[in-house]
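Colleague: Turn this into a structure:
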Amino acid sequence: MNAHVMTRRLASTAVFLLTATLAAAQPDAADPRVGLRPGWQDAGVAASNMELVGHAPKPEGFFNPDDVGDFSMMNSDMAFRGNTLFLGNFHGLQVYDISDPTNPTLRATLPCPGGQNDVSIYGDLLFMSVEETRGRLDCGAQGVAEPVSAERFRGVRIFDVSDVEHPRQVAAVQTCRGSHTHTLVPDPDDPSHVYVYVSGTSQVRPAEELAGCSDLLPEEDPNTARFRIEVIEVPLDHPERAAVVNTPRFLLGLTAPPEHGETTEDIASSLGLEPATPDEAAAARARDAFVVTIDGADYVMSDAMVPQALAYSMEMRGVSGTPTAQDSTALRGLLQEYVTMMAGHPDGGEDRPGPDQCHDITVYPEIGLAAGACSGYGILLDISDPADPRRIAQAADENFAYWHSATFSNDGTKVLFTDEWGGGMAPRCRETDRPEWGADALFTIEDRQLVFQGYYKLPAPQTELENCVAHNGSLIPIPGRDVMVQGWYQGGVSVFDFTDPANPVEIAFFDRGPMDPERMAMGGHWAAYWYNGHIYTSEIGRGLDVFRLTPSEHLSADEIAAAEAVRLDVFNPQHQTRITP
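Modeller: The predicted structure follows:
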């Protein structure tokens, strides 16, 4: 999900909180994905060159039967070890036995709210990202009411999963902005420990809660918690001693890049904003209504939307109870910050600093490189010293709103970055959306520089009822080809060939109809990963899906068999290893 999580989630979540019926787009009816029947468990399905072979519904306690799009119980990212799949959820952890991929079986759950709860696995240690202010050291579900509290946890949890049915927290490393995502990085010269790169995208916590945290600009405080990541060192024999050992500020020196931002209409629609004349805006301010300015024009939030926006902003700030005047003041600031950010800066800005956080970092230790998706830039990093990653190249693109994640080709000569335009919570695959927006950008790596080649976007238009944008995926080890599977939220799953990065081609897909026939209910495929012969996907609202590829004119039976023959002991999506079929 997107950066500056508090503000982006606040407004983006409003998209699917709106209860009014949204008009569906009228796309090309030739694609079987168009016009699928909506439904939570009985949606229409379209598939080509791949088939669903296994499914496990979300377990009790990990979904809200009264709101299947409940933000606080969404499935998130996955990690794999042997025949065990670890699935994160905003409410905690699910553990599945996948020894029979056609029948994934739930082995354990661990309620532990705190945000995405993205997971990685290394030996018997499971790592979990926690960013939201409701996160607690004890994994409690009651949240933290106080703005400053010793009970709050935001950072990386470490669990001992030697007994996978009884995960045991052995360490909890606090960080200034929490951990939206994280990346495991082994030290090739010292197998006794592993590093964790922490990407935090939320607000900086107060120094009263965690000493040393500063939200100032670098010229005001050279030790600011912005423009950096944290590097945690974990002694494998003593994980309880895990600690932050470096805070590389490799984002310093970048200026704000050109970016397209949201359309004014989409911003207003997502927040229930109505245009107002200067006199109407003045009258609204006089009665303490919620007024924001977009591109010089005033908009007023509808009365129906205010209670939902207040409740959500309070939740994200860790505040409970009846809204107060202080809560209203906080919401006003967040709203204006959000719309200003989402409107974008098409001309860039040499007088404004660039991004101050990374969303996700993918490492490829065998080639000594990492790719950081860092809000307004794609970053190429030298990780020859894994404790001290250094920026060696960067790329900006005015067609990108938010650089989200990255995947290298197996030979390390190409890298793909995703644009999570709209935060993953809005419809960005409509027939009216430009194909460059919310897409993948493909680069070659030449002399350790990023050279743009082309875009890939899901070719089937989706409706106004389906959150859809490029999201998480992985390579499929087809010999001699660059083939990737990727989740597109309610756009489904797409498999495509980017061997020619200037002309990527879709070769397989799976899609369901919208979660809800009348409103935007958060759902769809968060991630799609190839692991030991099958594609596993975390479906945000429906559970765990398992697919297999079928032969076609795009992919032969022999190629599929060669990919299925590749076996891994462990797979963490943000840590690539060279695969030799």
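Colleague: can you give me the helices for the stretch 251-400 of the chain?
Modeller: Ranges of helices within the stretch 251-400 of the chain are 264-271, 278-286, 306-316, 325-343, based on DSSP state H, counting those that start in this stretch.
Colleague: is it possible to export the ones you listed to a markdown table including mean pLDDT, mean neighbour count and distance to Gly200?
Modeller: (Each C-beta comes from the backbone N, C-alpha and C, glycine too.) Shown next, in a markdown table, are the helices of the stretch 251-400 of the chain (pLDDT from 0 to 100; neighbours: other Cβ atoms under 10 Å; distance: least, Cβ to Cβ, whole Å):
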| stretch | mean pLDDT | mean neighbour count | distance to Gly200 |
| --- | --- | --- | --- |
| helix 264-271 | 78 | 20 | 25 |
| helix 278-286 | 93 | 13 | 34 |
| helix 306-316 | 80 | 18 | 15 |
| helix 325-343 | 83 | 18 | 17 |
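Colleague: out of those, which comes closest to Asn532?
Modeller: Set against Asn532 and scored by Cβ to Cβ, the helices of the stretch 251-400 of the chain come closest in helix 306-316, at 37.9 Å.
Colleague: Parallel or antiparallel, list what pairs with the helix or strand containing Met484.
Modeller: In the assignment (DSSP states H and E), Met484 maps to strand 483-487. Take DSSP bridges as the rule and strand 483-487 pairs in its sheet with strand 473-476 (antiparallel), strand 493-497 (antiparallel).
Colleague: Export these as TSV, with columns for mean pLDDT and distance to Pro435.
Modeller: Shown next, in TSV, are those (pLDDT from 0 to 100; distance: least, Cβ to Cβ, whole Å):
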stretch	mean pLDDT	distance to Pro435
strand 473-476	98	18
strand 493-497	98	13
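Colleague: okay, the ones you listed in CSV with mean neighbour count and distance to Val119 next?
Modeller: Below are the strands paired with strand 483-487 laid out as CSV (neighbours: other Cβ atoms under 10 Å; distance: least, Cβ to Cβ, whole Å):
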stretch, mean neighbour count, distance to Val119
strand 473-476, 24, 15
strand 493-497, 25, 20
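Colleague: Nearest to Met50, out of the ones you listed?
Modeller: Each of those has some distance to Met50 by Cβ to Cβ; the shortest is strand 493-497, at 6.6 Å.
Colleague: State the next helix or strand along the chain beyond the lowest-mean-pLDDT helix or strand in the chain.
Modeller: Every helix and strand of the chain was ranked by mean pLDDT, DSSP states H and E. The lowest is helix 5-17, at a mean of 36. Downstream of helix 5-17, the next assigned helix or strand under DSSP H and E is strand 45-48.
Colleague: Not counting its neighbours along the chain, what's nearest Ala145?
Modeller: Closest residue in space to Ala145, ignoring its immediate chain neighbours: Ser320 at 5.2 Å, by Cβ to Cβ, 6 or more residues apart in numbering.
Colleague: whoops, I mixed them up, Leu568
Modeller: Excluding the flanking residues, the one nearest Leu568 by Cβ to Cβ, 6+ apart is Asn532, at 6.2 Å.
Colleague: And the one you found, how far from Leu87?
Modeller: Counting by Cβ to Cβ, to the nearest Å, the gap from Asn532 to Leu87 is 16 Å.
Colleague: again, but for Gly253
Modeller: Distance check for Gly253 against Leu87: by Cβ to Cβ, it reads 38 Å.
Colleague: same deal with Arg481?
Modeller: Counting by Cβ to Cβ, the gap from Arg481 to Leu87 is 29 Å.
Colleague: Kindly report the same for Ser538.
Modeller: The value you get for Ser538 to Leu87, if Cβ to Cβ is used, is 6 Å.
Colleague: what touches both of these two?
Modeller: Both Ser538 and Leu87 are contacted by 75-78, 544, under the criterion Cβ atoms under 8 Å, 6 or more residues apart in numbering.
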